[in-house]
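Participant: What would the 3D arrangement of this be:
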Amino acid sequence: MGDRRSPSLPGATHLECAPMRRRFWPAVAPLHRHSLPQLAADAALVAAAYFLAYRLRFDAGVPERYDDLFAATLPWVIPAALVVFAAFGLYHKHWRFVTQRDFVVVVQAVVVATLVLMAAIAVLHPVTVQSPTGSVGVNLPSGLAALFFLLTLALVGGARFVVRAFYERPLRGFKPAKDARRVLIVGAGDGGQLVLREILRNPSLRLNPVGFVDDDPLKRGLRFEGVRVLGPTAELNRILDEAEPDEITIAIPSAPGTLRAQVVTAARRRGIPVRTLPTVFELLLHGGDIVRQAREVQVEDILGREPVRMEIDRVGAYLNNEVVMVTGAGGSIGSELCRQIARVAPRRLILIDHAEDNLFAILRELEDDRHVHPQMLGAVLADCKEGERMREVFAEHRPTVVFHAAAYKHVGLMESNPIEAVRNNAIATRRMAQIAGEHAVKTFVLVSTDKAVEPTTVMGASKALAEWAVEEAHARYAATRFASVRFGNVLGSSGSVVPIFRRQIALGGPVTVTDERMTRYFMTIPEAVQLIVRAGSLSESGAVYVLEMGEPVRIMDLARDMIELSGLTPGRDVSIEVVGRRPGEKLHEELFNAHERPQPTRAEKIVLAERAPIDPALAAEFFDQISLLALEGDAAGLAKRVAELAQVRRPA
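Facilitator: Numbers count the residues shown, from 1 in each chain. Okay, here's the model as predicted:
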């Protein structure tokens, strides 16, 4: 497998660009075997439009010269119009799947077909008449051309509309099954109407839409496909009592957590289950029937912060045709980085991890599930702490952009293993940054954490040192743009409290909370990855970027919400135990150090942590000391020296 991916193989350079190729034949002849009935129907419709245009233009009968013009041009008007329609892609899909954009294309195609007809008659003069000055060509009257345009548009566009309307809602109307579940749809926008159409098209779903809930005052009282907007979410209690739904579907994929929490709370009092549409990321991942993909509301959906939304194809465009390296590629953040980066078509994507199973899993997913060309991927089993090995990897693959996500992140384990924490999180980061600078990598991005702010644990201090290492490299290597990305807890990652709580609830409890007052910032893995990728495109080198994460979440509230979302009652079905804080554990995490000032950036919801530049000599001295202590295995001395990091102040 490894040899097959090696860029040194013959022909590897040619194959690297394989993911960027497009098939040529469909662009030249955009037809398929299902296009023949469509071509035949359009041919008949164009002929009918051309015939009717002549008959309607001349009320008293078609003059002989125009009758001759009709007979002479009809044989080639039809194929010419079909060629224009095909060139505009009107036969790429079945008519039942046409969209509003397709109707716009129909208008454009008919305009061009009409202009082609007028130009051809004016140039070729298929019919001439004698005049005192000689033979004169018979041109197409402008009124006749206008009629041809309108009739062709009405017939060609109307045929597609009728077919779509038939499949969208059969003529017999929608009749829900007797045992269909009554569903209330929250959101009457595009998502809600898409859900409604799926329900109407598929009686097998056994759902009966009873109404919409939407906060847009302009939609109140309106009907969509016969289903009425019953009111805003502020009146949800009244609507639930009147409509008596069996379930609720939140049809707003980008709905803020506050809205989801409001709906869940109102539904929970009445024992009504709530489902939500998948996010855009989940839709892209799984595809398929959107209604069948609606899932139960999860704790991630109700955290109360409006999610950060970025178009990865736009913010990650700078990675196109670059050789991108991701360390820690098998981890929760690293693997999502690989998934998202693969979408923006880099020249190569180099995956580095020292865990064989994790590396193999993400490699197979990219190749088998996401159909990334194997030659575009490079899987390297290596440890970032080993400098010589990493120099070999850089020399072989020559990355131009590096995302350094490899890190240890379990606070308790790192307290027990301070040497490995510092070696992996701090010393290895410094080594990676130095090697990137030596090889003139364009961009180097460190994945950091809010625990690096005013650190009180070995893990936090090791990540703060990692930020130092990136700043030091920025001062020494001008050709490379260095940046660190700092954010809070990532939901769903291996170090997050959420999977721990889920496991404890599944076992019947107790759910353990270290302190009732404890709060934490939360974000989803896709949000974290978007921030990391976006930060790589920002211009300031040596900077630390932070996500505007809204308000922190109380861990006690999180525990209660998760128990209730599982259909259980806190304190009765599952108990919550306060077990006390671990050594160095903070009540409240912070996003900025005391010596840092938040400054806006050109990226939405990304803030720059402005601070005085570090003295490279100070950083080098500090790293020399802790490297020596790590080499000697002096855990106590290392922990003491790293703990002093919080007292170190930057020069003014």
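Participant: Secondary structure element holding the residue nearest to residue 58 when sequence neighbours are not counted?
Facilitator: Residue nearest to residue 58 in three dimensions, not counting chain neighbours: residue 66, with 6.9 Å by CB to CB, 6 or more residues apart in numbering. Where C-beta positions appear, they are placed from N, C-alpha and C, glycine not excepted. Counting by DSSP states H and E, the element that carries residue 66 is helix 64-87.
Participant: helices or strands up against the helix or strand just after that helix?
Facilitator: Sequence order places helix 100-124 as the next helix or strand after helix 64-87, per DSSP H and E. In this structure, helix 100-124 packs against helix 64-87, helix 142-168, with contacts taken as 3 or more CB pairs under 8 Å, 6 or more residues apart in numbering; DSSP states H and E.
Participant: lowest-pLDDT helix or strand in the protein?
Facilitator: One helix or strand of the chain scores below all others by mean pLDDT, DSSP states H and E: helix 12-15, with a mean of 38.
Participant: ok, back up a step: report all helices and strands that the helix holding residue 66 contacts.
Facilitator: Applying 3+ CB pairs under 8 Å, 6+ apart, one finds that helix 64-87 contacts helix 35-57, helix 100-124, helix 142-168.
Participant: Distance-wise, check the residue lying closest to residue 144 once chain neighbours are set aside relative to residue 146.
Facilitator: Distance criterion CB to CB, 6+ apart; nearest residue to residue 144, sequence neighbours excluded, is residue 57 at 4.5 Å. Noted for residue 57: a distance of 9 Å to residue 146, by CB to CB, to the nearest Å.
Participant: Compare those two and say which is more crowded by neighbours.
Facilitator: The residue with more neighbours, out of residue 57 and residue 146, is residue 57; 16 against 13, by other CB atoms under 10 Å.
Participant: got the contact list for the more buried one?
Facilitator: Contact analysis of residue 57 by CB atoms under 8 Å, 6 or more residues apart in numbering lists 141, 143, 144, 147.
Participant: Please, a ChimeraX command that selects the buried ones among the residues you listed?
Facilitator: To isolate the buried members of the contacts of residue 57 in ChimeraX, using 16 or more other CB atoms under 10 Å:
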select :141,144,147
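Participant: can I get the contacts of residue 57 in CSV with pLDDT?
Facilitator: Formatted as CSV, the contacts of residue 57 follow (pLDDT from 0 to 100):
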residue, pLDDT
141, 89
143, 89
144, 89
147, 92
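Participant: so which pair among the contacts of residue 57 is furthest apart in space?
Facilitator: Longest distance between any two of the contacts of residue 57 is 9.2 Å, between 141 and 147; criterion CB to CB.
Participant: what domains does the record give for the chain?
Facilitator: 25-168, 181-297, 325-488+523-549+600-647 (automatic domain parsing).
Participant: Point out the most buried one among the ones you listed.
Facilitator: domain 325-488+523-549+600-647 (a mean of 20; mean count of other CB atoms under 10 Å).
Participant: now it, how far from the centre of its chain.
Facilitator: On the basis of CA atoms, centre = their mean, to the nearest Å, domain 325-488+523-549+600-647 sits 23 Å off its chain's mean C-alpha point.
Participant: Over to stretch 47-65?
Facilitator: Distance of stretch 47-65 from its chain centroid, counting by CA atoms, centre = their mean, is 54 Å.
Participant: what sits against the residue nearest to residue 598 when sequence neighbours are not counted?
Facilitator: For residue 598, ignoring the flanking residues on the chain, the nearest one in space by CB to CB, 6+ apart is residue 607 at 4.8 Å. Taking CB under 8 Å, 6+ apart, we find residue 607 in contact with 545, 546, 547, 548, 598, 599, 600, 601.
Participant: Angles on the backbone of the last one, please.
Facilitator: Here the main-chain torsion angles of residue 601 (degrees, to the nearest 10) amount to phi -120, psi 170.
Participant: what do you get for the one 5 residues further on?
Facilitator: Dihedral pair for residue 606: phi -120, psi 130, per degrees, to the nearest 10.
Participant: Quick check: beta-bridge partners of it?
Facilitator: Assessed by DSSP bridges, residue 606 has beta-bridge partners residue 547.
Participant: need the contacts of residue 57 in a markdown table with distance to residue 475, can you?
Facilitator: Below are the contacts of residue 57 laid out as a markdown table (distance: CB to CB, whole Å):
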| residue | distance to residue 475 |
| --- | --- |
| 141 | 77 |
| 143 | 76 |
| 144 | 76 |
| 147 | 74 |
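Participant: Leaving out chain neighbours, which residue sits closest to residue 149?
Facilitator: According to CB to CB, 6+ apart, the nearest residue to residue 149 is residue 114 (4.4 Å).
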